[in-house]
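1. got a predicted model here, sequence first, then my questions.
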Amino acid sequence: MDILQLLRENIRKLVPYSSARDEFKGEASVFLDANENSFGSPLETAYNRYPDPLQWRLKEKIAQIKGVPPQHIFLGNGSDECIDLLYRAFCNPGKDNVIICPPTYGMYEVSANINDVEVRKVSLDAAYQLNLTGIAEAVDEHTKLIFLCSPNNPTGNSLAREDVEMVLNGFEGIVVIDEAYINFAKQRSFIQELTEYPNLVVLQTLSKAWGLAALRIGIAFGSLDMIDVLNKIKAPYNISQASQELALKALENIELVNNWTREIVQERERLREEFSQLPLVKNIYPSDANFLLVKTSDGKPIYDYLVAKGIIVRDRSRVELCEGCLRITVGTAAENDRLLSELRSYQPATGHA
Ligand SMILES: Cc1ncc(COP(=O)(O)O)c(C=O)c1O
């Protein structure tokens, strides 16, 4: 498959912006090419020079950790930027469509709406797995992207690998697998399958297991053509120097992050066990993520009760297939204990006769 054939005509023809950092890459002692302030920055650290537009040092570090060559990596201002760029590259506004499988991460739809792209929804089944027949029926010649989220937000489960492979093999557009929560999963990532599927984009992020949500670093893994396209259309300096430096430093601490991840998974299973003892809990769904989707007796009133106690969870009780559900992020053991203690004291409001 030639993914360049799927591009919007204007993107295929685009002459990208060429920055000062693109045009001169060598060593020099006087830089007067980018209208920067040569005096410095009014800070302890100098940020007066534009950063590396392609973030090579950071990509090389990520490549080493993930086992994927740096040329197959694109970095975005959060994975949210990667999602938006995929729309801009492949979807003609008012003409093309994408498929999403609700309940799922909200930005796929919001980004589609921003870009004036039709969203075709093929809901997950009752086990929160893909409806492959529904997806096949929803695809037409204007379907450019299918978003699959695994482990899925807000349900927490991984999608069955064979189902994802069916979509990858059967669809002639781009399949985006969002693996934001992959570090918490038993499932294997799809990043090793990039050579097999030229139409595959895998999204990951430093916002979850790596604890760097405020730095805004999302990762797209794809074919060389795909990475080329994303680089062509991104803002020239989309990742700040401060973010690049801090992320590089953070990535040295893989052992700490792995220990946290193990602890979060243990805490998740402890919470599952403890929740199952609570009368207000009706169901706890399987989770491969750092949160649990919990079906409760009351939904919103329990959410409001927790807010009043200073504990914020995510109310998903009005989301399709998640009626009555709260999405609860796994916190530290102390935070989880506080949550459990408040939930044990919850008294449902009684109606008056
Ligand atoms: C499935 C999924 N993808 C992507 C994101 C956004 O990640 P980032 O912080 O990298 O933009 C989230 C955030 O909650 C998410 O749940």
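-> Cool, got the structure.

2. residues touching the residue in the chain that the ligand sits nearest to, list them.
-> Nearest to the ligand in the chain, going by Cβ to the nearest ligand atom, is Gly78, at a distance of 2.7 Å. Every C-beta, even on glycine, is put in place using the N, C-alpha and C of the backbone. When contacts are counted by Cβ atoms under 8 Å, 6 or more residues apart in numbering, Gly78 touches 205, 207, 216-218.

3. show me which of the residues you listed are buried.
-> 205, 207, 216-218 (16 or more other Cβ atoms under 10 Å).

4. now Pro53. Its backbone dihedrals?
-> Main-chain dihedrals, Pro53, degrees, to the nearest 10: phi -60, psi -30.

5. what do you get for Gly222?
-> phi -160, psi -180.

6. chain neighbours aside, what residue packs nearest to it?
-> Val201 (4.6 Å; Cβ to Cβ, 6 or more residues apart in numbering).

7. tell me the strands beside the helix or strand where the one you found lies, with direction?
-> In this assignment (DSSP states H and E), Val201 forms part of strand 200-205. Strand 200-205 has the following sheet partners, assigned by DSSP bridges: strand 174-178 (parallel), strand 218-221 (antiparallel).

8. return the distance of the longest one from the chain's centre.
-> A distance of 11 Å separates the C-alpha centroid of strand 174-178 from that of its chain, computed with Cα atoms, centre = their mean, to the nearest Å.

9. same question for the last one.
-> For strand 218-221, the distance from its own C-alpha centre to the chain's C-alpha centre is 9 Å (Cα atoms, centre = their mean).

10. how about that strand and the ligand, any contact?
-> Yes - Strand 218-221 reaches the ligand (Cβ under 6 Å from any ligand atom) through Gly218.

11. immediately after that strand, which helix or strand?
-> Next helix or strand after strand 218-221 toward the C-terminus (DSSP H and E): helix 224-233.

12. other SSEs contacting the helix or strand Val167 falls within?
-> Using DSSP H and E, Val167 maps to helix 161-170. Helix 161-170 is packed against helix 132-138, strand 143-149, strand 174-178, with contacts defined by 3 or more Cβ pairs under 8 Å, 6 or more residues apart in numbering; DSSP states H and E.

13. what are the buried residues along the last one?
-> By that I understand strand 174-178. Buried-residue list, strand 174-178, by 16+ other Cβ under 10 Å: 174-178.

14. how about stretch 120-130?
-> Neighbour-count burial for stretch 120-130 flags 120, 122-124, 128-130 (criterion: 16+ other Cβ under 10 Å).

15. and that stretch with the ligand, contact?
-> No - using Cβ under 6 Å from any ligand atom, stretch 120-130 stays clear of the ligand, with a minimum separation of 13.7 Å.
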